[in-house]
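Engineer: show me the folded form of this:
(one chain, ligands or ions: 2)
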Amino acid sequence: MIHPDHALELLASTAKPLPARAVSLSRAAGHVLAQEVRARVSFPPAPVAAMDGYAVRLPEACGQALPMLFTVAAGDDPPPLPAGGCARIFTGAVVPEGATAVVAQEDVELVGGQVRFPAQISPGDNIRQKGEVFAQGEVLAEAGVVLTPAHLALLAAAGKKRLVVHPKPRVAVVATGSELADEKLTRGKIFDSNTPMLESFLLLSGFAVAAKARVPDQLDALQKTLTSLLAHADVVITTGGVSVGDLDLLPQAVQELGGEVIFHKVAMQPGKPVLAAKVGERFILGLPGNPVSALVGFRLFALPLLRALAGFAQAFHEPWTPLPLAGPVSNRGQRVQFRPARELPSETGKAVEVLPWKGSHDLKAAAQATHLARLDAGFAGQAGDRVLAVELYRPR
Ligand SMILES: Nc1nc2c(c(=O)[nH]1)N[C@H]1C(S)=C(S)[C@@H](COP(=O)(O)OP(=O)(O)OC[C@H]3O[C@@H](n4cnc5c(N)ncnc54)[C@H](O)[C@@H]3O)O[C@H]1N2
Ligand code: MOO
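Structural biologist: Ligands and ions are numbered 1, 2, ... in the order given. Prediction:
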């Protein structure tokens, strides 16, 4: 059995970003940009008015009354402004050549068909100069940036229609177990809680579920399901059937598919039987069936794997933070515990309560958790002692 830190290192070293491809701007948010982007045009592309008012030449307009010669609205291509006059202009409209300031309409007086201007007008007043936000050819986004709606607006303004990004991995979720039921419980059956948990965790984390399946504990059914899902999914996440029982068939199914096991069994609690394998370029992550084991395994292994495939730098560098314990807690076992924990407000800062639990089937404890707390083997701590904790959910 390997240490969880070693398991994460092995997984990290096999997880490379998926090959980049072009997507339309509106589909690019949340993706990692694979190539730097330069502006195709400057912004603004021409000098434009920042206020509704009058375009004037300086210094001639200062303190003078001038005739209004023409009007410029947003979208117009105005003629030059001759000396001795002004132009009515609206916000976003191109400032006519020759005009060097825009005076807001609140600051003028209309007298006898002319426009009287204040004595103090400075060159450039209320004009957004050509290229003042960015110039044509300027690098606007570097490779590696995680694209936000504001980035996409910026790149749209710069004339981009498509962007080269790392795609998000296509993920399939498979619940294994002949005991799983949907509608009605007969003796021996339980409701499937892993599928809704993993599906929603994926969505919350910015990944879509490309396919889902449920299979009984039968080798041929499991193999068929995995084979068909691997044809379309980059990562297949299974739950159950990964431990040592006669009906724990995932390891055998992976072997018969020619999978290369990255690790199987990790010295952690919950989550010990977890398996990671590669089948060609595709990944199978076999999470244990116990729901809290599946939750912890998803958070610790699946999420960084998916992020790494999606091109996120540092996907495996999780922000584990030392937080003071709210009360005493110990780990007398041999495995590293990743315990559901809850962040509490405290006068001296944040504190973390490691939630009492009945074990890796205790979804009631897990449902209260905001964090996972890491208790190394043999750890014994009192209130105020620090443990490493990481946020359980980090929507992106
Ligand atoms: N002799 C041993 N037995 C077990 C060991 C061991 O080392 N030696 N490890 C234990 C540990 S630790 C875990 S964790 C479990 C994991 O076993 P599997 O991954 O093979 O999972 P299953 O046996 O299929 O199921 C375990 C448990 O979870 C329930 N389950 C399964 N799927 C779902 C689902 N979709 N929704 C809700 N609950 C689910 C299932 O009914 C079982 O109760 O093995 C221990 N055994
Ligand atoms: O490792 Mo299992 O997940 O403890 O119950």
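Engineer: hey, let's count contacts and neighbours off CA atoms from now on
Structural biologist: Noted.
Engineer: show me how far the strand ranked longest in the chain is from its chain's centre.
Structural biologist: As assigned by DSSP state E, the longest strand anywhere in the chain is strand 336-346. Relative to the centre of its chain, strand 336-346 is centred 24 Å away, using CA atoms, centre = their mean, to the nearest Å.
Engineer: by contact count, what packs against that strand?
Structural biologist: Packing partners of strand 336-346 (3 or more CA pairs under 8 Å, 6 or more residues apart in numbering; DSSP states H and E): strand 268-269, strand 349-354, helix 363-367, strand 371-375.
Engineer: burial check on the residue of the stretch 1-150 of the chain found nearest ligand 1, number of neighbours?
Structural biologist: Nearest residue of the stretch 1-150 of the chain to ligand 1: residue 1, at 10.6 Å (CA to the nearest ligand atom). Residue 1 has 13 neighbours, counted by other CA atoms under 10 Å.
Engineer: what do you get for residue 23?
Structural biologist: Using other CA under 10 Å: residue 23 sits among 16 other residues.
Engineer: ok, it touching residue 160?
Structural biologist: No. Counting by CA atoms under 8 Å, residue 23 stays clear of residue 160, with 11.1 Å between them.
Engineer: what pairs with the strand or helix carrying residue 212, parallel or antiparallel?
Structural biologist: In this assignment (DSSP states H and E), residue 212 forms part of strand 209-215. Note on strand 209-215: by DSSP bridges, its sheet partners are strand 171-176 (parallel).
Engineer: any idea what residue 343 is bridged to?
Structural biologist: Using DSSP bridges, the beta-bridge partners of residue 343 come out as residue 352.
Engineer: before we move on, the earlier item: and the residue of the stretch 1-150 of the chain closest to ligand 1, how far from residue 240?
Structural biologist: Here residue 1 is placed at a distance of 18 Å from residue 240 (CA to CA, to the nearest Å).
Engineer: hang on, the earlier thing: among the helices and strands packed on strand 336-346, which is nearest residue 217?
Structural biologist: Evaluated over the helices and strands packed on strand 336-346, closeness to residue 217 peaks at helix 363-367, with 23.0 Å, by CA to CA.
Engineer: please name the nearest non-neighbouring residue to residue 241.
Structural biologist: residue 248 (3.7 Å; CA to CA, 6 or more residues apart in numbering).
Engineer: one step back: among the helices and strands packed on strand 336-346, which comes closest to residue 227?
Structural biologist: strand 268-269 (29.2 Å).
Engineer: do the helix or strand that that closest one is followed by and ligand 1 meet at all?
Structural biologist: Once the chain leaves strand 268-269, the next helix or strand it forms, by DSSP H and E, is strand 275-279. No. On the criterion CA under 6 Å from any ligand atom, strand 275-279 is out of touch with ligand 1, staying 9.3 Å away.
Engineer: who are the packing partners of strand 275-279?
Structural biologist: By 3+ CA pairs under 8 Å, 6+ apart, strand 275-279 packs against strand 260-264, strand 282-287.
Engineer: 10 Å instead?
Structural biologist: Packed against strand 275-279, as judged by 3 or more CA pairs under 10 Å, 6 or more residues apart in numbering; DSSP states H and E, are the following elements: helix 4-14, strand 235-239, helix 250-256, strand 260-264, strand 282-287.
Engineer: which residues does that strand contact?
Structural biologist: The contact list for strand 275-279 (CA atoms under 10 Å, 6 or more residues apart in numbering) reads 7, 10-11, 14-15, 227, 230, 234-238, 242-243, 250-251, 254-255, 257-266, 283-288, 297, 301-302.
Engineer: and ligand 1, which of these contact it?
Structural biologist: For ligand 1, the contacts drawn from these by CA under 6 Å from any ligand atom are 242-243, 288.
Engineer: neighbour-wise, which one of those residues leads?
Structural biologist: Counting by other CA under 10 Å, top hit in those: residue 288 with 29 neighbours.
Engineer: that residue and residue 241 touch, don't they?
Structural biologist: Yes. Under the criterion of CA atoms under 10 Å, residue 288 makes contact with residue 241 at 7.0 Å.
Engineer: tell me, what's touching those two both at once?
Structural biologist: Common contact partners of residue 288 and residue 241 (CA under 10 Å, 6+ apart): 176, 248, 273-274.
Engineer: confidence-wise, which of those residues comes last?
Structural biologist: The member of those with the lowest pLDDT is residue 248, at 94.
Engineer: and the longest strand of the chain, anywhere near ligand 2?
Structural biologist: No. Applying CA under 6 Å from any ligand atom, one finds strand 336-346 separated from ligand 2 by no less than 8.9 Å.
Engineer: and that strand, what's its mean pLDDT?
Structural biologist: pLDDT averaged over strand 336-346 gives 94.
Engineer: which residues of this structure fall in helices?
Structural biologist: Using DSSP state H, the helices found in the chain span residues 4-14, 149-157, 194-204, 219-230, 250-256, 291-297, 303-309, 363-367.
Engineer: and the longest one, how far from the chain's centre?
Structural biologist: Averaging C-alpha coordinates over helix 219-230 and over its chain gives two centres that are 30 Å apart (CA atoms, centre = their mean).
Engineer: from the contact counts, what lies against it?
Structural biologist: Secondary-structure packing of helix 219-230 (3+ CA pairs under 10 Å, 6+ apart): strand 171-176, strand 209-215, strand 235-239, helix 250-256, strand 282-287.
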